[in-house]
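Participant: let me see the structure of the following:
(2 chains)
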Amino acid sequence: MKINLAKIKLPGFLVKQKKELLSSGLILLAICASCALLLSGVSSLLSGRIEENATAALMSAMERALPAGEYVQFGFESKEEDKVLSVYEARNDETLLGYCVETTASDYDGDMNVCVAIDTEGKVIAVEIISIWGKDIDGLKVNDSSFLSQFAGKSGNITTVNGMAKTDTQVSAVSGATASSQAVAECVNHAVAAVSQIEAEKAKEAAGI
Amino acid sequence: MKRIVTFLKNSVLLENTSLLLMLGLCPLLAVSTAVIDGLIMGLCVIVALVLSSVTISLIARFIPKSIRVIAYMVIIATFVAAEELLIRAFLPGIAENLGIYLPLITVSGIVFAQSERATEEGVGASALNALSAGLGFFATMFVMSFVRELIGNGTLCGLRIIPEQYCMRLIISPPGAFITFGLLLAVFNMAVSRIREKEGEE
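Facilitator: I've put the predicted structure just below:
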């Protein structure tokens, strides 16, 4: 059905404001377009460097968590795509030492990015916090080795408890930082789930299924 | 030289936007836990203020009143977003520390109030006024960060000055920000009233 705009009768007050509305709209469009152009230029200039910084931070965390000769990115689709950011195989020559999994979880104030080193049997080797949005991680109790070292050797679904950990799948939360402790545990659980999925898929491939 | 000193005195003391007009308090209270973070935030606010004020004063006569607020927000947001990209590219650690408070400069009262003022001023005047407002915020941020990091954390720019066991951790926490700001306000009001008395006597 064709609509003839010229035949549409506007109310009186709108007819007077039509020109003003049109010019305001065009001016706003011009401002938005110019700003978008400026920002896209700045973004294209700096995006490479921003990505390099993120990769350098991840590499540094991987080297601390699981020292290896090389780290090869492993491409796979995690069941929790938005939680597992990347997976790297840590190798010395041809020997697979384990996996370094970059995961994320929500902390009290923002997102937390963590690198979890896991061996081929699915046990945690080490945990390194890469960043917490809005916080300086240096000096944070949740970034202290006394908390993070609790995860070493654990597998399965790890939970945090206030006070002493009583089972193998529990870790003691940092006093006054329960939400952050839970976020770290959540990151570890995502990483463990990702590695068990990878190992299951490798086993299937090896079996020829 | 005398004009520069007068300009600085007015910006930091007699017309300080944060301590007199109470503008820009959100980033001031939230980010002033470390000197370096505070200085970078102060610089970001100055740059956002000056760039947005100059741009707005240049194009104000072409912007109809009905879309003025939206246009200002878009312009300010563009400069703040560009700043955020720059900080993330060259100072990634500080970008993480500043978190959401860097993009929040867009809706900060200090930037918006100055943009309204820039509508009626020439380019030079708006740039100077923006710089003055920014310097006041920067100085307040520096003093707050200095006091909170030194007393609350025992460090200055990451270097330990006071042993950890003697630090007053309350100062580095959110309630400590309000306490520190209140005390700073009291000292500032005392200093300004004495300066005004002296100027009145002269």
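Participant: make it CA atoms for all contacts and neighbour counts henceforth
Facilitator: Fine.
Participant: isn't B:Ala95 right up against B:Leu86?
Facilitator: No: between B:Ala95 and B:Leu86 there is no contact under C-alpha atoms under 8 Å: 9.3 Å.
Participant: tell me who's in contact with A:Asp82.
Facilitator: A:Thr104 (C-alpha atoms under 8 Å, 6 or more residues apart in numbering or on different chains).
Participant: verify the stated contact: B:Leu39 with B:Met144.
Facilitator: No: B:Leu39 is beyond contact range of B:Met144, at 10.5 Å (criterion: C-alpha under 8 Å).
Participant: and B:Met22, how many neighbours?
Facilitator: The number of residues packed near B:Met22 is 13, by other C-alpha atoms under 10 Å in any protein chain shown.
Participant: quick one: pLDDT of it?
Facilitator: Looking at B:Met22, its pLDDT is 90.
Participant: did I read that right, it in a helix?
Facilitator: No: counting by DSSP: H, G, I helix; E, B strand; the rest coil, B:Met22 is not found in a helix; it is coil.
Participant: quick one, longest helix in chain A?
Facilitator: Secondary structure of chain A per DSSP state H: the longest helix is helix A:12-65.
Participant: so what's the backbone phi/psi at A:Asn92?
Facilitator: Torsion angles at A:Asn92 (phi, psi; degrees, to the nearest 10) stand at phi -120, psi 110.
Participant: need the contact list for the closest residue to chain B within chain A.
Facilitator: Nearest residue of chain A to chain B, counting by C-alpha to the nearest C-alpha: A:Gly134, 3.7 Å away. Contact partners of A:Gly134, counting by C-alpha under 8 Å, 6+ apart, are A:109-110, B:96-100.
Participant: show the buried residues in those.
Facilitator: Buried by 16 or more other C-alpha atoms under 10 Å in any protein chain shown: B:96-99, out of these.
Participant: can you confirm A:Val116 is in a helix?
Facilitator: No: applying three-state DSSP, one finds A:Val116 to be strand, outside a helix.
Participant: how close does it get to A:Ala194?
Facilitator: From A:Val116 over to A:Ala194 the distance is 11 Å, taken as C-alpha to C-alpha, to the nearest Å.
Participant: quick one: A:Pro105 and A:Glu186 touch, right?
Facilitator: Slight slip there: residue A:105 is Ala, not Pro. Yes: at 6.5 Å, A:Ala105 and A:Glu186 qualify as touching, with contact defined as C-alpha under 8 Å.
Participant: point to the residue nearest the middle of chain B.
Facilitator: Central residue of chain B (C-alpha atoms, centre = their mean): B:Phe137, 2.8 Å from the mean position.
Participant: hmm, I was thinking of chain A
Facilitator: In chain A, the centroid-proximal residue (C-alpha atoms, centre = their mean) is A:Thr104; its distance is 3.9 Å.
Participant: how far away is that residue from A:Gly153?
Facilitator: 21 Å.
Participant: got it, and A:Asn143?
Facilitator: Distance from A:Asn143 to A:Gly153, by C-alpha to C-alpha: 18 Å.
Participant: which of the two has more residues huddled nearby?
Facilitator: Set A:Asn143 next to A:Gly153 and count neighbours by other C-alpha under 10 Å: A:Asn143 wins out with 20 against 14.
Participant: for that one, report the pLDDT, please.
Facilitator: pLDDT at A:Asn143 comes out at 89.
Participant: so which residues of chain B form helices?
Facilitator: Remark: helices assigned in chain B by DSSP H are B:2-9, B:25-31, B:35-59, B:68-90, B:92-98, B:109-118, B:123-147, B:174-201.
Participant: how about the residues of chain A that lie near chain B?
Facilitator: Proximity of chain A to chain B is confined to A:24, A:27-28, A:31-32, A:35-36, A:38-39, A:42-43, A:46-47, A:49-50, A:53, A:131-136 under the rule C-alpha under 8 Å from any C-alpha of the partner chain.
Participant: for ChimeraX, write the selection for the buried entries among those residues.
Facilitator: Only the buried entries of the residues of chain A next to chain B go into this ChimeraX selection, using 16+ other C-alpha under 10 Å:
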select /A:24,27,28,31,32,35,39,42,43,46,47,49,50,53,131,132,133,134,135,136
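Participant: mean confidence for the helix or strand that A:Glu201 is a member of?
Facilitator: Using DSSP states H and E, A:Glu201 maps to helix A:178-207. For helix A:178-207, the mean pLDDT works out to 90.
Participant: so which other helices or strands are in contact with that helix?
Facilitator: Here helix A:178-207 touches strand A:84-92, strand A:95-106, strand A:111-118, strand A:124-132, strand A:159-161, going by 3 or more C-alpha pairs under 8 Å, 6 or more residues apart in numbering or on different chains; DSSP states H and E.
Participant: at 7 Å what do you get?
Facilitator: strand A:95-106, strand A:111-118, strand A:159-161 (3 or more C-alpha pairs under 7 Å, 6 or more residues apart in numbering or on different chains; DSSP states H and E).
Participant: and those, which one is worst for confidence?
Facilitator: Ranked by mean pLDDT, the helices and strands packed on helix A:178-207 bottom out at strand A:159-161, with a mean of 89.
Participant: show residues contacting that strand.
Facilitator: The contact list for strand A:159-161 (C-alpha atoms under 7 Å, 6 or more residues apart in numbering or on different chains) reads A:169-173, A:181-182, A:185.
Participant: ok, stretch B:161-179 next?
Facilitator: Stretch B:161-179 is contacted from outside by B:29, B:33, B:148-149, B:151-155, using C-alpha under 7 Å, 6+ apart.
Participant: one more time with 10 Å
Facilitator: B:25, B:28-34, B:144-145, B:147-156, B:180-182, B:184-185 (C-alpha atoms under 10 Å, 6 or more residues apart in numbering or on different chains).
Participant: with just CA atoms, put it into CSV.
Facilitator: Provided in CSV are the C-alpha atoms of stretch B:161-179 (Å, rounded to 0.1, in the frame of the first residue of the first chain):
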residue,chain,number,x,y,z
ILE,B,161,56.5,5.2,53.8
ILE,B,162,54.7,4.0,57.0
PRO,B,163,54.8,0.4,58.2
GLU,B,164,51.6,-1.5,57.5
GLN,B,165,50.7,-2.1,61.1
TYR,B,166,50.5,1.7,61.8
CYS,B,167,48.2,2.5,58.9
MET,B,168,44.6,3.6,59.5
ARG,B,169,42.8,1.4,57.1
LEU,B,170,39.5,3.2,57.6
ILE,B,171,40.8,6.2,55.6
ILE,B,172,41.3,4.1,52.5
SER,B,173,37.7,2.7,52.7
PRO,B,174,34.6,4.5,51.4
PRO,B,175,33.6,6.0,54.8
GLY,B,176,37.2,7.3,55.1
ALA,B,177,36.7,9.2,51.8
PHE,B,178,33.9,11.2,53.4
ILE,B,179,35.8,11.8,56.6
